[in-house]
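Q: Provide a 3D model corresponding to the input given below.
(one chain, ligands or ions: 1)
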Amino acid sequence: MTDPVPAIELKNICKAYGALRVIDDVSLTIDRGVFITLLGPSGCGKSTLLRSIVGLAEPDSGTILVDGKDITNAAAHNRPVKMVFQDYALFPHMTVAQNIGFGCEMQGMEKSAIARRSTELLELIRLPDIANRYPDALSGGQRQRVALARALAPDPAALLLDEPLGALDLKLRQDMQRELKAIQRRTGKTFVFVTHDQQEAMSMSDLVAVMNKGKIEQLDTPENIYANPATLFIADFVGATNLFEAKVEAKDGDHLTLSVGDARWRVPVARVTSHRKPDAGEAVSVVIRPEAFDIGRSRRKDDIELSGRLTDQTYLGDRVHLNVETADGRSLLVDARPPVSIGEGAEIKLHCRADNLAIIAGR
Ligand SMILES: Nc1ncnc2c1ncn2[C@@H]1O[C@H](COP(=O)(O)OP(=O)(O)OP(=O)(O)O)[C@@H](O)[C@H]1O
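A: Got it, this is the predicted structure:
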């Protein structure tokens, strides 16, 4: 059961640098024990939001609560949250054990308790034998795990992680994503993670808050962010997308009839994923993910049907990326399961279940 007092509550946070509104009236409640990611393109304000929680940036207005206490004006060192940075920020002249114990020492914890805590955390990060090494004798991945242990040592209310894996190469980064998630699960701590990498956000998080231009456009599970994008920005930013401009011709009961070029698509109203529902006559955008297409003739009455010429295919082991050009000059991305025995230049039919697309009001 979720604890009734959230780990973190942000209420109407605003921050501007000169004329630039970096955080635009953001409110967000983060329950305890949740792994949440702030995801967005460079410059959307995610780091500033994280830095506001830890006290490294000062919001112009709004309130920040941690464990139900108002810490909006508290000094950074008095806040019960800890931050992990991309560049580790370990103390080079201290051993690993001393680095991990540093925060506990500042809290006045007794030496033997610090040693126990340090051992416990080295076990947690699965590096029990490196207590006496110095940071320069560690690999990048090991340093990042030690930085994590150091941040967890004083038992913070939440851990804030600002692109912590950004400096690691791809393979190590993927290993560390699994490791971080496992550590979060084992400790049950609230993790607030910042990244611009949508794959990283989707693979690690319980919840993703997608940010754009200083606002949170959608707060949802990774599955819902992908399948039910609330805005065009999100549909485009998260995953690959085929986007169709359309118009609502008619509304009848629980279906919409859309005109898409010369075609008419009958789609369930329930597939409108934007907050605002479109009226008849209104422009909408239709999102079809590459893997939502099946190749071959439709077997279901309300399927969306398209046809085109296969212009290019890329074999990726578990799937094949196809590029299909339609008669009206549209280039479609299609993901198919191998084997695909269609030659380039061949005409193919594609179909998609009407409940596999997403409709967003506006363009
Ligand atoms: N101290 C500062 N003074 C002036 N402008 C700043 C300052 N800090 C951040 N900004 C600007 O605020 C905007 C948001 O920055 P922020 O670091 O929060 O973005 P971000 O989404 O985390 O991006 P990135 O992924 O590139 O770090 C950017 O345009 C940035 O240049």
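
Q: Okay, and the beta partners of Arg284?
A: Small correction: residue 284 is Val, not Arg. Counting by DSSP bridges, Val284 is bridged to Ala246, Ala361.

Q: so it makes contact with Lys277?
A: No: using Cβ atoms under 8 Å, Val284 makes no contact with Lys277, being 9.9 Å away. (C-beta placed from N, C-alpha, C; glycine too.)

Q: Can you pull the phi/psi pair for Pro290?
A: With angles defined as degrees, to the nearest 10, Pro290 sits at phi -60, psi -30.

Q: picking up where we left off before, looking at Val284 and Lys277, which one has more neighbours?
A: Taking other Cβ atoms under 10 Å, Val284 and Lys277 do not tie; Val284 has more neighbours (22 against 14).

Q: about what we covered before: which residues are in contact with both of Val284 and Lys277?
A: Common neighbours of Val284 and Lys277, counting by Cβ atoms under 8 Å, 6 or more residues apart in numbering, are Ala361.

Q: Pop out the phi and psi values for the closest residue to the ligand within the stretch 151-300 of the chain.
A: Relative to the ligand, the nearest point of the stretch 151-300 of the chain is His196 (4.8 Å; Cβ to the nearest ligand atom). Torsion angles at His196 (phi, psi; degrees, to the nearest 10) stand at phi -100, psi 0.

Q: what's the answer for Gly18, then?
A: According to degrees, to the nearest 10, Gly18 has phi 60, psi -130.

Q: Enumerate every residue touching the residue of the stretch 151-300 of the chain closest to the ligand.
A: Counting by Cβ under 8 Å, 6+ apart, His196 touches Leu39, Gly40, Pro41, Ser42, Lys46, Glu163.

Q: which SS state does the fourth one fall under?
A: When you say that, I think you mean Ser42. Following DSSP: H, G, I helix; E, B strand; the rest coil, we place Ser42 in the coil state.

Q: Give the burial count for it, as a bare number.
A: Neighbour count of Ser42, defined by other Cβ under 10 Å: 7.

Q: Would you mark the buried spots in stretch 252-270?
A: Across stretch 252-270, burial judged by 16 or more other Cβ atoms under 10 Å covers His255, Leu256, Thr257, Leu258, Val260, Trp265, Arg266, Val267.

Q: May I have it exported as PDB, CA atoms only?
A: What follows is stretch 252-270, C-alpha atoms only, in PDB (Å, rounded to 0.1, in the frame of the first residue of the first chain):
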ATOM      1  CA  ASP A 252     -21.300   8.600 -34.100                       C
ATOM      2  CA  GLY A 253     -21.600   7.100 -30.700                       C
ATOM      3  CA  ASP A 254     -18.300   5.700 -29.700                       C
ATOM      4  CA  HIS A 255     -16.600   6.000 -33.200                       C
ATOM      5  CA  LEU A 256     -15.100   8.800 -35.200                       C
ATOM      6  CA  THR A 257     -14.800   8.900 -39.000                       C
ATOM      7  CA  LEU A 258     -11.600  10.500 -40.000                       C
ATOM      8  CA  SER A 259     -10.600  11.700 -43.500                       C
ATOM      9  CA  VAL A 260      -7.000  11.000 -44.200                       C
ATOM     10  CA  GLY A 261      -6.200  12.200 -47.800                       C
ATOM     11  CA  ASP A 262      -8.800  10.300 -49.900                       C
ATOM     12  CA  ALA A 263      -9.300   7.600 -47.300                       C
ATOM     13  CA  ARG A 264     -11.900   7.300 -44.600                       C
ATOM     14  CA  TRP A 265     -10.900   5.700 -41.300                       C
ATOM     15  CA  ARG A 266     -13.400   4.600 -38.700                       C
ATOM     16  CA  VAL A 267     -11.700   4.700 -35.300                       C
ATOM     17  CA  PRO A 268     -12.900   4.300 -31.700                       C
ATOM     18  CA  VAL A 269     -13.300   7.500 -29.800                       C
ATOM     19  CA  ALA A 270     -11.500   5.700 -27.000                       C
END
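
Q: Let me see the residues that make contact with that stretch.
A: Outside stretch 252-270, the residues within contact range by Cβ under 8 Å, 6+ apart are 244-251, 272, 277-278, 284, 286, 302, 304, 328, 354-355, 357, 359.

Q: let's see 6 Å
A: Outside stretch 252-270, the residues that touch it by Cβ atoms under 6 Å, 6 or more residues apart in numbering are Phe244, Ala246, Lys247, Val248, Glu249, Ala250, Asp302, Ile304, Asp328, Ala354, Asp355.

Q: Over to stretch 211-230?
A: 21-24, 26, 38, 40, 44-46, 202, 205, 208-210, 231, 233-235, 238-239, 273-275, 358.

Q: Return a ChimeraX selection command for the buried portion of those.
A: Selection of buried members from these for ChimeraX, criterion 16+ other Cβ under 10 Å:
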select :21,22,23,24,26,38,40,44,45,46,202,205,208,209,210,231,233,234,235,238,239,273,274,358
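
Q: out of the contacts of stretch 211-230, which are inside helices?
A: Lys46, Met202, Phe233, Ile234, Ala235 (DSSP state H).

Q: Listing request: residues of the chain with sub-threshold pLDDT.
A: Residues of the chain meeting the criterion pLDDT under 70: 1-3.

Q: per-domain residue ranges of it.
A: Following the TED database, one finds the domains of the chain at 8-229, 240-361.

Q: how close does Ala147 sit to Ser274?
A: Counting by Cβ to Cβ, to the nearest Å, the separation of Ala147 from Ser274 is 40 Å.

Q: sorry, back to before: need the winner for burial among the domains of the chain.
A: domain 8-229 (a mean of 18; mean count of other Cβ atoms under 10 Å).
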